[in-house]
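S.K.: Turn this into a structure:
(one chain, ligands or ions: 2)
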Amino acid sequence: MVQAKTWILTKPFEGFPQHSDFELKVEELPEPKDGEVLLEAVFISVDPYMRLISSFSVNKGDVMIGTQVSKVIKSNNPTFPVGTHVVASCGWRTHTVCDGTGLVPIMPDWPQDVSLSLALGAIGMPGLTALYGIEEVLGLQKGETLLVNAAAGAVGSVVGQIAKIKGCKVVGSAGSDAKVAFLKELGFDAAFNYKTVGSLEEALKKASPEGYDCYFDNVGGPFSTVALQQMKNFGRIAVCGSISVYNDTTPQTGPYPYLTMIFKQIKMEGFMETRWGHKDPESLKRLMGWLKEGKLQGREHITKGFENVPAAFLGMLKGENIGKAVVAV
Ligand SMILES: NC(=O)C1=CN([C@@H]2O[C@H](COP(=O)(O)OP(=O)(O)OC[C@H]3O[C@@H](n4cnc5c(N)ncnc54)[C@H](OP(=O)(O)O)[C@@H]3O)[C@@H](O)[C@H]2O)C=CC1
Ligand SMILES: CCCCC/C=C\CC(=O)/C=C/C=C/C=C/[C@@H](O)CCCC(=O)O
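M.R.: Ligands and ions are numbered 1, 2, ... in the order given. Take a look at the predicted model:
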């Protein structure tokens with residue numbers, strides 16, 4: 001008999017999540033039946049979407065949602081022999097018994113010297129988000145200028161690096177001087193701390209006086225109101241996330257930038273990375289290729305211990321992470 005530790009939600013989030021919204025529970029798991037496997041979590045991902053989804057689709061007492069890299073430690077399913085590593089959407093739990101539905105094996109030929117945690121980051125969902133936002137939504141072209149915010153995070157740091165691979169000028173904004181220094185290390189052409197610049201408009205103009213062809217928006221809210229005014233004619237905007245409003249308790253209202261969009265003939269498209277799921281195997285190979293060539297860095301912010309998953313999640317929402325926030329169980 002295996003005991004699974006789980007983090008359950010004591011109530012749906014309201015405003016900024018609190019430590020008291022979570023409770024550690026222990027569950028006795030049954031032995032896996034025919035066709036079933038027993039998974040043991042190795043790395044657990046903490047992501048901004050969990051803040052949103054858990055406000056409306058998770059009930060009090062449910063295990064907190066989320067993905068993990070886990071190892072099959074018992075198997076009655078020939079598709080997933082013991083020792084197989086998978087990406088599993090089974091939430092914040094140390095052990096899981098399941099029938100294999102929805103388990104995604106780690107891509108074949110994963111190099112020995114690359115941490116499996118990257119399957120939750122640069123070589124996983126956030127990396128794919130960056131790639132699809134750039135290629136499928138923005139259609140970014142060599143020589144163009146791209147702006148990305150939350151640029152030192154999981155998605156943003158990959159966005160900037162792919163844009164450099166494609167021969168573009170990249171401007172990034174982030175919330176601390178240490179993050180700005182990291183962006184410069186990654187080869188960003190310009191980077192600034194949006195919390196200390198004074199005038200965001202001036203910072204954007206200084207970084208690219210001729211404006212921006214493309215804007216990869218992870219933040220939304222007032223930042224985007226200002227950034228939109230700095231777009232070039234026929235600029236394109238990929239609306240990836242809107243983290244500045246995820247903890248708001250009142251609905252968003254204007255400003256309404258439609259006149260600027262009309263005059264500048266701007267195109268703006270929201271997207272979910274899951275739209276291009278059929279391309280994932282090929283796309284993950286491309287991301288891994290860049291990693292192996294040294295063109296892509298998969299920086300991570302690792303928190304140790306299952307007991308610290310809520311703290312890692314709250315820390316990510318507060319902006320404590322440089323790179324992908326992950327928990328090593
Ligand atoms: N559309 C899609 O398919 C997907 C969308 N996303 C979205 O992409 C965005 C980035 O996600 P991800 O890379 O995983 O997370 P990050 O690793 O970037 O971590 C979140 C970061 O957001 C920034 N942030 C937090 N609060 C605010 C705020 N009020 N204003 C401005 N910035 C804030 C912080 O960085 P800083 O210190 O710079 O403020 C923090 O480090 C999110 O909006 C997320 O929802 C993610 C995956 C898929
Ligand atoms: C499914 C997330 C919907 C929230 C949309 C809000 C903001 C954009 C964003 O952050 C999107 C994230 C998309 C994440 C997709 C994750 C899937 O690959 C796995 C999710 C399954 C799970 O955690 O149980």
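
S.K.: C-alpha from now on. contacts and neighbour counts both.
M.R.: Fine.

S.K.: Report the contact partners of whichever residue of the stretch 201-329 of the chain sits closest to ligand 2.
M.R.: Going by Cα to the nearest ligand atom, ligand 2 is nearest to residue 241 of the stretch 201-329 of the chain, at 4.7 Å. Residue 241 makes contact with 217, 218, 219, 220, according to Cα atoms under 8 Å, 6 or more residues apart in numbering.

S.K.: Wasn't it part of a strand?
M.R.: No. Under the criterion used here (DSSP: H, G, I helix; E, B strand; the rest coil), residue 241 is coil, not part of a strand.

S.K.: and it, how far is that from ligand 1?
M.R.: Residue 241 sits 3 Å away from ligand 1, going by Cα to the nearest ligand atom, to the nearest Å.

S.K.: again, but for residue 90
M.R.: Per Cα to the nearest ligand atom, residue 90 is found 18 Å from ligand 1.

S.K.: do the same with residue 230
M.R.: 18 Å.

S.K.: Quick check, that residue in contact with residue 212.
M.R.: Yes. Using Cα atoms under 8 Å, residue 230 is in contact with residue 212, at 6.4 Å.

S.K.: Those two: which has the busier surroundings?
M.R.: residue 212 (28 against 22; other Cα atoms under 10 Å).

S.K.: Select from the contacts of residue 241 the one having the most neighbours.
M.R.: Counting neighbours by other Cα under 10 Å, residue 217 leads the contacts of residue 241 with 25 neighbours.

S.K.: Spit out the contact partners of the closest residue to it other than its chain neighbours.
M.R.: Distances taken as Cα to Cα, 6 or more residues apart in numbering place residue 239 nearest to residue 217, at 5.1 Å, with adjacent residues excluded. Applying Cα under 8 Å, 6+ apart, we find residue 239 in contact with 216, 217, 218, 220, 268, 269, 270, 271.

S.K.: For residue 2, name its beta-bridge partners.
M.R.: residue 29 (DSSP bridges).

S.K.: Return the residues in contact with it.
M.R.: 28, 29, 30, 31, 95 are the contacts of residue 2 under Cα under 8 Å, 6+ apart.

S.K.: chain center to stretch 188-197, what's the gap?
M.R.: Mean-position distance between stretch 188-197 and its chain equals 20 Å (Cα atoms, centre = their mean, to the nearest Å).

S.K.: what sits up against that stretch?
M.R.: Stretch 188-197 has contacts (Cα under 8 Å, 6+ apart) with 160-161, 164, 169-177, 179-180, 183-184, 200, 203, 207.

S.K.: With just CA atoms, put the helix or strand in which residue 236 is found into PDB.
M.R.: Here residue 236, judged by DSSP states H and E, is contained in strand 231-239. The C-alpha trace of strand 231-239 is given here as PDB (Å, rounded to 0.1, in the frame of the first residue of the first chain):
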ATOM      1  CA  MET A 231       3.600  49.500 -32.300                       C
ATOM      2  CA  LYS A 232       4.600  50.200 -35.900                       C
ATOM      3  CA  ASN A 233       2.000  50.400 -38.600                       C
ATOM      4  CA  PHE A 234       0.800  46.800 -39.400                       C
ATOM      5  CA  GLY A 235       2.200  45.600 -36.100                       C
ATOM      6  CA  ARG A 236       1.200  42.200 -34.800                       C
ATOM      7  CA  ILE A 237       0.400  41.300 -31.200                       C
ATOM      8  CA  ALA A 238       0.200  37.800 -29.700                       C
ATOM      9  CA  VAL A 239      -1.900  37.800 -26.600                       C
END
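
S.K.: Whatever helix or strand comes next after it - what's its average pLDDT?
M.R.: Per DSSP H and E, the first helix or strand lying C-terminal to strand 231-239 is helix 258-264. Helix 258-264 carries an average pLDDT of 96.

S.K.: buried sites along helix 258-264?
M.R.: 261, 264 (16 or more other Cα atoms under 10 Å).

S.K.: What of stretch 159-170?
M.R.: Per 16+ other Cα under 10 Å, stretch 159-170 contains these buried residues: 159, 160, 161, 162, 163, 164, 168, 169, 170.

S.K.: Rebuild those residues as CSV, extending it with distance to residue 77 and secondary structure.
M.R.: Below are these laid out as CSV (distance: Cα to Cα, whole Å; DSSP: H, G, I helix; E, B strand; the rest coil):
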residue, distance to residue 77, secondary structure
159, 38, helix
160, 41, helix
161, 39, helix
162, 38, helix
163, 42, helix
164, 43, helix
168, 47, coil
169, 49, strand
170, 47, strand
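
S.K.: Now flag whichever of the residues you listed is closest to residue 107.
M.R.: Comparing the buried residues of stretch 159-170 against residue 107 with Cα to Cα places residue 162 closest, at 20.6 Å.

S.K.: near ligand 1, which residues of the stretch 151-300 of the chain?
M.R.: Counting by Cα under 6 Å from any ligand atom, the stretch 151-300 of the chain comes close to ligand 1 at 153-156, 174-176, 218-219, 240-244, 271-273.
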